[in-house]
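Participant: Sequence and predicted structure below; questions after.
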Amino acid sequence: MDLFETSVVEFLFSASGCSYISDMPKAGALGRYRMAHLLRGVSAQRFSLASWNDALSYLAGLPAAGTVEEAREALIKALSSDSEPA
């Protein structure tokens, strides 16, 4: 399995529209939409479970998932929601 050398958060940074990574958890609806859209085209196996879970916690305030697939789906769902991330 070939994993990206960057993290999920770093991968999503350019799509977020944020000036700083620290602004990503507070990204507006458009930034969250862009990140979710980008993730829909990415295989869960592209990143490690630790990287997915870091993104899940950092961007959505959610607990760790047990598999990369669960983490990817939970992150997409959280980024696609109308409410602001925790």
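Facilitator: Yep, that arrived.

Participant: Give me the residue ranges of the protein where confidence is low.
Facilitator: For the chain, applying pLDDT under 70 flags the ranges 1-4, 82-86.

Participant: Now do the helices in it.
Facilitator: Along the chain, counting by DSSP state H, helices occupy 8-16, 29-40, 49-60, 68-80.

Participant: then the second one to CSV, C-alphas only?
Facilitator: Taking Å, rounded to 0.1, in the frame of the first residue of the first chain, the C-alpha atoms of helix 29-40 are listed here in CSV:
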residue,chain,number,x,y,z
ALA,A,29,-19.4,26.2,4.4
LEU,A,30,-17.5,26.6,1.1
GLY,A,31,-14.2,25.4,2.5
ARG,A,32,-15.9,22.4,4.2
TYR,A,33,-17.7,21.6,1.0
ARG,A,34,-14.4,21.7,-1.0
MET,A,35,-12.6,19.5,1.5
ALA,A,36,-15.5,16.9,1.5
HIS,A,37,-15.6,16.9,-2.3
LEU,A,38,-11.8,16.3,-2.5
LEU,A,39,-12.1,13.4,0.0
ARG,A,40,-14.8,11.7,-2.0
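
Participant: which strands and helices sit next to it?
Facilitator: For helix 29-40, the packing partners by 3 or more Cβ pairs under 8 Å, 6 or more residues apart in numbering; DSSP states H and E come out as helix 8-16, helix 68-80. In short, each C-beta sits where N, CA and C put it, glycine included.

Participant: quick one on the thing from earlier: Throw the helices of the chain into JSON lines and include mean neighbour count and distance to residue 23, thanks.
Facilitator: Below are those laid out as JSON lines (neighbours: other Cβ atoms under 10 Å; distance: least, Cβ to Cβ, whole Å):
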{"stretch": "helix 8-16", "mean neighbour count": "19", "distance to residue 23": "8"}
{"stretch": "helix 29-40", "mean neighbour count": "17", "distance to residue 23": "9"}
{"stretch": "helix 49-60", "mean neighbour count": "20", "distance to residue 23": "11"}
{"stretch": "helix 68-80", "mean neighbour count": "19", "distance to residue 23": "15"}
